[in-house]
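> Take this sequence and fold it.
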Amino acid sequence: MSGPFLLRHRWRVLIASASALIVVSPLVAQVGVGGAPLAGPPPTLMVSMAAIDPTTLPVTRELAKRLRTHVEYLASPDLHGRKPGTPGNRAAADYIAARFRELGLEALPSVGGYGQQISPALGDNLIGLRPGASPDSTSPWLLIGAHYDHLGGQYLGADDNASAVAILLETARILLRLPHHHLLFIAFNAEEPPFVRTPNMGSQYFVDHLPPEIGSPSRLQTAIIMDLMGGVHWEPLRDVVFAAGAEKSSGLYRRVREATATPLTPPPSPLTVLTLGLHLVEEIPLIGQVSYSDYDAFRDLSVPFLFLSSGRTPRYHQTSDLPDTLHYERMAATVRWLANLAERMDQDTAPYEFQANRIEFADEVAALRPLVAQAAKRDTGIPGTSSLSLWRLEQDDKWLAGLDLVAPTPDTIKRLERISIRLQCLLADFPACFLI
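This is a model prediction of the structure:
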């Protein structure tokens, strides 16, 4: 995953920029933003709630075990972190292509195989097709994608992003031909730095060199992008996956909400899908909007998109991001949910509209408020939260309780963005989250 929390130097920039406003010291509780005094205890005290130990989570379902098998190969030391252009990256591509063949996915004739080469130095995107049942050559396309590269070396990238590739493969296993849409399953390469937001980023290369079978971006009904799908750290998010970006398209948003509200039969492991506006994770204080995964290439072309993620943990972009730190039963539930969503979307043959600035403010507040309420309490808060951050969350909780959900102002939206970013900062265990 790339973007606002991808590069820790972005947070160093934020902290450095804020240093003129606040003194980070053992006495920081006495100095606030702009020099205003702050009430509350010193930040040396930390929330005592224990983090989830993912190695203790059971892996019982066959689907969960298959997901773990994929991750254990892709994030094995033998692949050395899957950095683009390396033998490990090529081995990962070969593994994905072999699974595509086993699952009966077809190659696009214009590509000449599963591999769409970005460049000889970087390697390939992997593209698998499951044609729709309709003989209509103008049938729209549903795209499900996740990047498979990582940082290389000792950074093995189990959550980022072997977890999402595993879900991609198992969704392709259970999602058969749709009556009205063609299905594209794509494992993108070159999402991580230094390729992010460049023409060599795999998703950007794909839309810039769209296979002629697809023709125009307008034939892409939706692009569903997954990133960081297996991490688990804070108890309230044990069974949660976030869904962002669908709010830009009312028809797509309706289907996501339907899939979220309807229990699956038979019931899988617990899963809660929370819809969030993408602006809540992109608007970084003092930095501005920063895109952070493969959805951006599609958004730039006004293709309706959905971004799925379980969020960052302290293992994000660390050597501790290993296969035994993932929540495979939740990943299995996500496979079932995603397949159900695709089947619902297949009922919509008319294109989804796209409104770049559309938000669902009331739903955003409904998703964030319970999390803020728990994060603001010492016994249920995010592990490692300082007392100063806890104090700020308490103020946020009070503010949310009195919020006007009908007519949000620009300032209201901006504060909700800061609350969301503060939560994500704490979840990833980045320093000085109270500055946000």
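
> which stretches of the stretch 151-300 of the chain form strands?
Per DSSP state E, counting those that start in this stretch, the stretch 151-300 of the chain carries strands over the ranges 182-188, 220-226, 240-244, 272-276, 283-284, 288-289.

> Nearest to Lys414, out of those strands?
Closest to Lys414 of the strands of the stretch 151-300 of the chain is strand 283-284 (CB to CB; 7.5 Å). Backbone N, C-alpha and C define where each C-beta goes, glycine included.

> how about CSV for the strands of the stretch 151-300 of the chain, with distance to Lys65 and mean pLDDT added?
Converted to CSV, these look like this (distance: least, CB to CB, whole Å; pLDDT from 0 to 100):
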stretch, distance to Lys65, mean pLDDT
strand 182-188, 21, 98
strand 220-226, 20, 98
strand 240-244, 20, 97
strand 272-276, 23, 95
strand 283-284, 38, 82
strand 288-289, 40, 82
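
> most neighbours per residue, which of those?
Highest mean neighbour count of those: strand 220-226, a mean of 27 (counted as mean count of other CB atoms under 10 Å).

> Show me the contact partners of that strand.
140-146, 161, 164, 167-168, 181, 203, 214, 249, 252, 293-295, 298, 303-309, 338, 341-342, 345, 348, 351-352 (CB atoms under 8 Å, 6 or more residues apart in numbering).

> how about the residue nearest the centre of the chain, what does it touch?
The chain has Ser309 as the residue nearest its centroid, 2.8 Å off, counting by CA atoms, centre = their mean. The contact partners of Ser309, by CB under 8 Å, 6+ apart, come to 1, 226-229, 241-242, 244, 293.

> Could you check the pLDDT of it?
In this model, Ser309 is scored at 97, pLDDT.

> distance of it from Leu326?
13 Å (CB to CB, to the nearest Å).

> Okay, now the unreliable bits of the stretch 201-350 of the chain?
Across the stretch 201-350 of the chain, the ranges flagged by pLDDT under 70 are 264-269.

> Helices of that one, residue ranges please.
202-208, 250-261, 279-282, 295-299, 328-345 (DSSP state H, counting those that start in this stretch).

> Any chance of JSON lines for those, columns distance to Ala172 and mean neighbour count?
Shown next, in JSON lines, are the helices of the stretch 201-350 of the chain (distance: least, CB to CB, whole Å; neighbours: other CB atoms under 10 Å):
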{"stretch": "helix 202-208", "distance to Ala172": "17", "mean neighbour count": "22"}
{"stretch": "helix 250-261", "distance to Ala172": "18", "mean neighbour count": "18"}
{"stretch": "helix 279-282", "distance to Ala172": "27", "mean neighbour count": "22"}
{"stretch": "helix 295-299", "distance to Ala172": "19", "mean neighbour count": "24"}
{"stretch": "helix 328-345", "distance to Ala172": "9", "mean neighbour count": "23"}
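
> Between the ones you listed, which one is closest to Leu129.
helix 202-208 (13.4 Å).

> elements contacting the closest one?
Here helix 202-208 touches strand 115-119, strand 123-130, strand 141-147, strand 182-188, helix 295-299, going by 3 or more CB pairs under 8 Å, 6 or more residues apart in numbering; DSSP states H and E.

> Next, the contact list for the closest residue in space to the residue nearest to the centre of the chain that isn't next to it in sequence, please.
Among residues not flanking Ser309 along the chain, Leu228 sits closest, at 4.8 Å (CB to CB, 6 or more residues apart in numbering). Contacts of Leu228 were listed using CB under 8 Å, 6+ apart, and they are 1, 159-161, 163-164, 309-312, 316.

> Can you list the residue ranges for strands in the stretch 301-436 of the chain?
With DSSP E, counting those that start in this stretch as the criterion, the stretch 301-436 of the chain has strands spanning 305-309.

> domain parsing for this protein?
8-51+360-435, 54-345 (automatic domain parsing).

> Need the winner for burial among those.
domain 54-345 (a mean of 20).

> Now the terminal residues of that domain, how far apart.
Domain 54-345 stretches 33 Å from its first residue to its last (CA to CA, to the nearest Å).

> same question, stretch 307-320
Using CA to CA, the two ends of stretch 307-320 sit 25 Å apart.

> Then stretch 241-259?
Stretch 241-259 end-to-end distance (CA to CA) = 13 Å.

> Run the chain-centre distance for it.
14 Å (CA atoms, centre = their mean, to the nearest Å).

> Then stretch 121-141?
On CA atoms, centre = their mean, the centre of stretch 121-141 falls 23 Å from the chain's centre.

> average pLDDT for it?
Here the average pLDDT along stretch 121-141 is 91.

> For it, output the C-alpha coordinates as PDB.
Extracted in PDB, the C-alpha atoms of stretch 121-141 (Å, rounded to 0.1, in the frame of the first residue of the first chain):
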ATOM      1  CA  ALA A 121      13.100  -4.400 -15.700                       C
ATOM      2  CA  LEU A 122      10.000  -4.400 -13.600                       C
ATOM      3  CA  GLY A 123       7.900  -7.400 -14.600                       C
ATOM      4  CA  ASP A 124       4.200  -8.000 -15.200                       C
ATOM      5  CA  ASN A 125       0.600  -7.300 -14.200                       C
ATOM      6  CA  LEU A 126      -1.300 -10.600 -14.100                       C
ATOM      7  CA  ILE A 127      -4.700 -10.500 -15.700                       C
ATOM      8  CA  GLY A 128      -7.200 -13.400 -15.600                       C
ATOM      9  CA  LEU A 129     -10.600 -13.300 -17.300                       C
ATOM     10  CA  ARG A 130     -13.900 -15.100 -16.500                       C
ATOM     11  CA  PRO A 131     -16.200 -14.200 -19.400                       C
ATOM     12  CA  GLY A 132     -19.800 -13.400 -18.700                       C
ATOM     13  CA  ALA A 133     -22.600 -15.800 -19.700                       C
ATOM     14  CA  SER A 134     -24.100 -13.200 -22.000                       C
ATOM     15  CA  PRO A 135     -23.100 -13.400 -25.700                       C
ATOM     16  CA  ASP A 136     -23.400  -9.700 -26.000                       C
ATOM     17  CA  SER A 137     -20.000  -8.400 -27.000                       C
ATOM     18  CA  THR A 138     -20.800  -5.000 -25.300                       C
ATOM     19  CA  SER A 139     -21.200  -6.500 -21.800                       C
ATOM     20  CA  PRO A 140     -19.600  -4.400 -19.100                       C
ATOM     21  CA  TRP A 141     -16.700  -5.500 -17.000                       C
END
